[in-house]
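Undergrad: coordinates only, no sequence provided:
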């Protein structure tokens, strides 16, 4: 897949987050990730190509599995070189723009197939340049309770024929947002992950109408979020 086909690819918003482990605090799902963590633990600090839990629709119910943070994991992307023989940077696919996800050649098929997931998060990390230099911020809810980010997923087979799942976080425009609008460098486009309220989790996972699902990604109210230096 060439770079020109990735019309949904742009500057990544969240490339590092803290994942919950045995006590996710998301009881509304009526499932836990503790059993999965005890069988196959993950690193709490999640970076691109790291594995972390997601919740997805599993037949008539909900299931929890591990997925790689990155819809097209970098370790599965082919090496590319420029005209001078220099290796090109591999693509960051940890975020998908909600505005164009359905038309994206990278994400569109999964979106149209309803391959949506919830990504449990304690907080994300973002750079802030308000002081003139980068001060990393951790960003979460006001009470620091875990939350779920809207995502989509895709299944792959690795070189050994084993099933592997890649996932990406949905993002929305964050111009003027009192928290997310402060992140990244001045002049950079302001984007935010999509934090879903618990009342919307089931619809996000199971809505048969993708247009109904498209209406769910919204900016989370700034007054219900907080940011502080990492």
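TA: Received it, and whenever you're ready, just let me know what you need. Since the model is a prediction, treat every value here as computed from it, not as a measurement. Residues are numbered from 1 along each chain as shown.

Undergrad: all contacts plus neighbour counts: C-alpha atoms, from now on.
TA: OK.

Undergrad: in this structure, which spans are strands?
TA: Per DSSP state E, the chain carries strands over the ranges 17-18, 45-46, 51-58, 61-69, 95-97, 116-121, 123-128, 135-141, 147-157, 163-173, 191-193, 195-196, 225-229.

Undergrad: can you redo these as JSON lines with mean pLDDT, distance to residue 183 and mean neighbour count?
TA: Output for the strands of the chain, formatted as JSON lines (pLDDT from 0 to 100; distance: least, CA to CA, whole Å; neighbours: other CA atoms under 10 Å):
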{"stretch": "strand 17-18", "mean pLDDT": "97", "distance to residue 183": "15", "mean neighbour count": "20"}
{"stretch": "strand 45-46", "mean pLDDT": "98", "distance to residue 183": "19", "mean neighbour count": "17"}
{"stretch": "strand 51-58", "mean pLDDT": "92", "distance to residue 183": "24", "mean neighbour count": "22"}
{"stretch": "strand 61-69", "mean pLDDT": "91", "distance to residue 183": "21", "mean neighbour count": "20"}
{"stretch": "strand 95-97", "mean pLDDT": "97", "distance to residue 183": "16", "mean neighbour count": "26"}
{"stretch": "strand 116-121", "mean pLDDT": "96", "distance to residue 183": "18", "mean neighbour count": "26"}
{"stretch": "strand 123-128", "mean pLDDT": "98", "distance to residue 183": "5", "mean neighbour count": "22"}
{"stretch": "strand 135-141", "mean pLDDT": "98", "distance to residue 183": "8", "mean neighbour count": "19"}
{"stretch": "strand 147-157", "mean pLDDT": "95", "distance to residue 183": "18", "mean neighbour count": "21"}
{"stretch": "strand 163-173", "mean pLDDT": "97", "distance to residue 183": "12", "mean neighbour count": "23"}
{"stretch": "strand 191-193", "mean pLDDT": "98", "distance to residue 183": "9", "mean neighbour count": "25"}
{"stretch": "strand 195-196", "mean pLDDT": "98", "distance to residue 183": "16", "mean neighbour count": "23"}
{"stretch": "strand 225-229", "mean pLDDT": "98", "distance to residue 183": "10", "mean neighbour count": "16"}
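
Undergrad: now residue 180: how far from residue 171?
TA: 11 Å (CA to CA, to the nearest Å).

Undergrad: which residues are in contact with each of these two?
TA: Listed as contacting both residue 180 and residue 171 by CA atoms under 8 Å, 6 or more residues apart in numbering are 191, 192.

Undergrad: so can I have TSV of the strands of the chain showing distance to residue 88?
TA: As requested, these are exported to TSV (distance: least, CA to CA, whole Å):
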stretch	distance to residue 88
strand 17-18	26
strand 45-46	24
strand 51-58	24
strand 61-69	21
strand 95-97	20
strand 116-121	30
strand 123-128	25
strand 135-141	27
strand 147-157	23
strand 163-173	22
strand 191-193	25
strand 195-196	33
strand 225-229	33
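
Undergrad: how about those, which one is nearest residue 105?
TA: Nearest of those to residue 105, taken as CA to CA: strand 95-97 at 11.5 Å.

Undergrad: one step back: how about the strands of the chain, which one is nearest residue 83?
TA: Among the strands of the chain, the nearest to residue 83 by CA to CA is strand 95-97 (28.4 Å).

Undergrad: just checking: what are the partner strands of that closest one?
TA: strand 163-173 (parallel) (DSSP bridges).

Undergrad: report the angle between the strand it pairs with and strand 51-58.
TA: Calculated by axes from the mean of the first three to the mean of the last three CA atoms, to 10 degrees, strand 163-173 forms an angle of 90 degrees with strand 51-58.

Undergrad: chain center to strand 163-173: distance?
TA: Between the centre of strand 163-173 and the centre of its chain there are 5 Å (CA atoms, centre = their mean, to the nearest Å).
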